[in-house]
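Student: need a structure here:
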Amino acid sequence: MSEPAPQESPSSSRKSGVVVLEHLPNRLLYVEDDEDLREMMTTALADAGFEVTPVGSAESALEQLATSQFDIVLTDYNLTGETGAWLLENAAEKGYLERTAAIVLTSERHPAHVEGYRLLRKPADFGVILATISEAVGALLPAGVVRVGAPQPTELELVLYVTSTSQESHKAIRNMHRALKPYDKNRYRLTIIDVANGGDDAWYQGLDEDRVVVTPTLVRKKPGPKTWIVGTFSPIEPVDRLLAAALGGGDDD
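Tutor: Got it, this is the predicted structure:
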């Protein structure tokens, strides 16, 4: 069994070489039958910037995948009832994993029927889990410049410089998703630029104009003056203040 090849999401489109996405990839389905462990990991993953949906069985997880789109499935192998392998096999057959990265946590020495999926042995370091998720999500992200929000912003224009192979950059992307969630996408434009593979002369000129030295770096280009925030945006307060100054209170308030 092998994981389906990543495909460009139908919720994304290409315009002039720019990939336009409706959301940033942080929606995670967590499958664990131990209630205490499920609660602990859900809190830790949420603190790391994920939108977590926790479920206690493979059967419940399959029902969730049938009705909702997730970017990541993180599942235990041994579950009460059907196994994590059963979940992934059935989800793949039904086409639920075409745009979803899958990771299996297991204490088994030789878990069966999970070939082709990312496998983590328990106990796994939480940093390794986050790094594995970042790697998996990075493989799903379209190559090139990624833009989220309005094509013609009238109020706020942001550029986030990241390195697609970096866990810190993926954490910054997740934190930006959380910070922007209360706001109407028509009020802002966020462009994400991956510096991992470089670009043409115009690309390097833009990098120089924005005076980016490290990643992740967020640049507020409009309204001026230009402002920079460096790091994973944890704590998120500097980004919240920047957004509030430009957009006022969140539209969901």
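Student: what comes into contact with the strand or helix carrying residue 245?
Tutor: Here residue 245 is covered by helix 237-247, with elements defined by DSSP states H and E. Outside helix 237-247, the residues that touch it by Cβ atoms under 8 Å, 6 or more residues apart in numbering are 155-156, 175-176, 179-180, 183, 187-188, 218, 220, 223, 227, 229, 233. Quick note: C-beta positions are derived from backbone N, CA and C, even for glycine.
Student: can you check stretch 26-46 too?
Tutor: Here stretch 26-46 makes contact (Cβ under 8 Å, 6+ apart) with 49-58, 60-61, 64-65, 68-76, 79-81, 84, 87, 126, 133, 173-174, 177-178.
Student: repeat that for 7 Å
Tutor: Stretch 26-46 is contacted from outside by 49-58, 61, 64-65, 70-76, 79-80, 84, 87, 126, 174, 177, using Cβ atoms under 7 Å, 6 or more residues apart in numbering.
Student: Give me the secondary structure label for residue 224.
Tutor: In terms of secondary structure, residue 224 is coil; the call rests on DSSP: H, G, I helix; E, B strand; the rest coil.
Student: And for residue 221?
Tutor: Three states are possible here, and by three-state DSSP the one that applies to residue 221 is strand.
Student: Which helix or strand contains the residue nearest to it when sequence neighbours are not counted?
Tutor: The spatially closest residue to residue 221, leaving aside those adjacent along the chain, is residue 157, at 4.7 Å (Cβ to Cβ, 6 or more residues apart in numbering). Following DSSP H and E, one finds residue 157 within strand 156-162.
Student: Just the C-alpha atoms of that strand, please, in CSV.
Tutor: In CSV, the C-alpha atoms belonging to strand 156-162 read as follows (Å, rounded to 0.1, in the frame of the first residue of the first chain):
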residue,chain,number,x,y,z
LEU,A,156,-3.3,45.3,4.2
GLU,A,157,-0.6,43.6,2.2
LEU,A,158,1.7,41.1,3.9
VAL,A,159,4.6,38.9,2.7
LEU,A,160,5.8,36.0,4.7
TYR,A,161,9.3,34.6,3.8
VAL,A,162,9.7,31.0,4.8
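Student: Which elements pack onto it?
Tutor: helix 167-180, strand 188-194, strand 217-222 (3 or more Cβ pairs under 7 Å, 6 or more residues apart in numbering; DSSP states H and E).
Student: so what strands line up beside the last one?
Tutor: Counting by DSSP bridges, the strands paired with strand 217-222 are strand 156-162 (antiparallel), strand 227-230 (antiparallel).
Student: Could you figure out how far it is turned away from strand 188-194?
Tutor: The directions of strand 217-222 and strand 188-194 differ by 140 degrees, with axes from the mean of the first three to the mean of the last three Cα atoms, to 10 degrees as the criterion.
Student: tell me which residues of strand 217-222 are tucked away?
Tutor: Along strand 217-222, the positions that meet the burial threshold by neighbour count (16 or more other Cβ atoms under 10 Å) are 217, 218, 219, 220, 221.
Student: So among the residues you listed, where is pLDDT lowest?
Tutor: Confidence by pLDDT is poorest for residue 221 among those, given 91.
Student: Hmm, that one is touching residue 160, no?
Tutor: No: the criterion here is Cβ atoms under 7 Å, and residue 221 misses it with residue 160 at 11.1 Å.
Student: tell me the most buried of the strands paired with strand 217-222?
Tutor: Stretch with highest mean neighbour count among those: strand 156-162 (a mean of 23; mean count of other Cβ atoms under 10 Å).
Student: need the contact list for residue 161.
Tutor: Taking Cβ under 7 Å, 6+ apart as the definition of contact, the neighbours of residue 161 are 193, 195, 212, 215, 216, 217.
Student: Could you check how far it is from residue 25?
Tutor: 18 Å (Cβ to Cβ, to the nearest Å).
Student: again with residue 122
Tutor: 25 Å.
Student: With neighbour numbers in mind, choose between those two.
Tutor: For residue 122 versus residue 25, neighbours defined as other Cβ atoms under 10 Å are more numerous around residue 25 (25 against 11).
Student: Noted, bye for now.
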